[in-house]
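Novice: no sequence on hand, only this structure:
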């Protein structure tokens, strides 16, 4: 399977705990995006990378959120001190620079209890 | 501030008829527009796109129309099939390749 892969698919955590999600993009893609989707909403932009460089971080992303793409391949999204409002589907997508179409993984559904 | 707007939360269309999904945008810097389809518990799937230098792009049963002066685009599906029942997201990008999505329209294809 050469699509975008996200792990885990589901995560249930207690409020206050830290969680980390992983995204493996399509291998030749140098752009990587993180989005968050809640019920009845479209995907909300969180951040994106060109290779290992983080190009932009949404103001939606509080200081509790951090994303990395250390070698320009896979990426991680960490949420510290989770809150119930963090419960959402976290989506990762990748694309090739200069080609706008981005391809999504199946997402990680986070439930904070 | 919602830069990409899909004002119809849902739409029901008879199988075999035309489905028309609409989208408006506010940012005049957007120069590339995309439609994605999403089934429950899956990530969005890219469907079709259009550059701002065109006013129409067609791919099989799917056609996207762009009216730049009105800042409006639409997706036509002809003929509609049961498998088209899904949520459709309109999205836009403005040169930096950052993709901004609308809230989506749920399409129901009726037998």
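Specialist: Done, it's in. Since this is a predicted model, take the numbers as computed values, not measurements.
Novice: near chain A, which residues of chain B are found?
Specialist: Where chain B comes near chain A, counting by C-beta under 8 Å from any C-beta of the partner chain, the residues are B:4, B:6, B:9, B:32, B:34, B:36, B:41-46, B:49, B:89, B:91, B:93, B:96-104. For every residue, glycine as well, the C-beta is placed using N, CA and C.
Novice: repeat that with 10 Å
Specialist: Within reach of chain A by C-beta under 10 Å from any C-beta of the partner chain, chain B has these residues: B:2, B:4, B:6, B:9, B:31-34, B:36, B:38, B:41-49, B:51, B:87, B:89-104, B:106.
Novice: which of those residues are buried?
Specialist: B:4, B:6, B:32-34, B:36, B:38, B:43-44, B:46-49, B:87, B:89-94, B:97-104 (16 or more other C-beta atoms under 10 Å in any protein chain shown).
Novice: assign a three-state SS to the residue positioned nearest the centre of chain A, would you?
Specialist: Per C-alpha atoms, centre = their mean, the C-alpha nearest to the average position across chain A is that of residue A:34, at 3.5 Å. Recorded secondary structure, residue A:34: strand (DSSP: H, G, I helix; E, B strand; the rest coil).
Novice: next up, the contacts around it.
Specialist: Contact partners of residue A:34, counting by C-beta atoms under 10 Å, 6 or more residues apart in numbering or on different chains, are A:21, A:23, A:43-49, A:57-58, A:61, A:65, A:67, A:69, A:75-77, A:90-93.
Novice: picking up where we left off before, tell me which of the buried ones among the residues of chain B next to chain A fall in strands.
Specialist: For these, the ones inside strands are B:4, B:32-34, B:36, B:38, B:46-49, B:87, B:89-93, B:99-101, with DSSP state E as the criterion.
Novice: given the helix or strand of chain A with the lowest mean pLDDT, what are its sheet partners and their directions?
Specialist: The helix or strand of chain A with the lowest confidence, counting by mean pLDDT, DSSP states H and E, is strand A:53-57 at a mean of 92. Its sheet considered, strand A:53-57 pairs with strand A:44-50 (antiparallel) by DSSP bridges.
Novice: buried set for the least confident helix or strand of chain A?
Specialist: Buried residues in strand A:53-57, counting neighbours by 16+ other C-beta under 10 Å, are absent.
Novice: contacts for that strand next, please.
Specialist: Residues contacting strand A:53-57 (C-beta under 10 Å, 6+ apart): A:30-34, A:45-50, A:65-69, A:72, A:75, B:96-98.
Novice: redo that, cut-off 7 Å
Specialist: Residues outside strand A:53-57 that contact it (C-beta atoms under 7 Å, 6 or more residues apart in numbering or on different chains): A:47-49, A:67, B:98.
Novice: helices of chain B, start to end?
Specialist: Along chain B, counting by DSSP state H, no stretch forms helices.
Novice: can you list the low-confidence ranges for it?
Specialist: Scanning chain B for pLDDT under 70 picks out B:1.
Novice: same check on chain A?
Specialist: A:1.
Novice: strands of that one, residue ranges please.
Specialist: Under DSSP E, chain A gives strands at A:5-7, A:10-13, A:19-24, A:31-37, A:44-50, A:53-57, A:65-68, A:75-79, A:88-95, A:103-104, A:108-112.
Novice: could these be laid out in a markdown table, adding distance to residue B:73?
Specialist: What follows is the strands of chain A, written out as a markdown table (distance: least, C-beta to C-beta, whole Å):
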| stretch | distance to residue B:73 |
| --- | --- |
| strand A:5-7 | 29 |
| strand A:10-13 | 34 |
| strand A:19-24 | 29 |
| strand A:31-37 | 21 |
| strand A:44-50 | 19 |
| strand A:53-57 | 24 |
| strand A:65-68 | 30 |
| strand A:75-79 | 30 |
| strand A:88-95 | 20 |
| strand A:103-104 | 20 |
| strand A:108-112 | 30 |
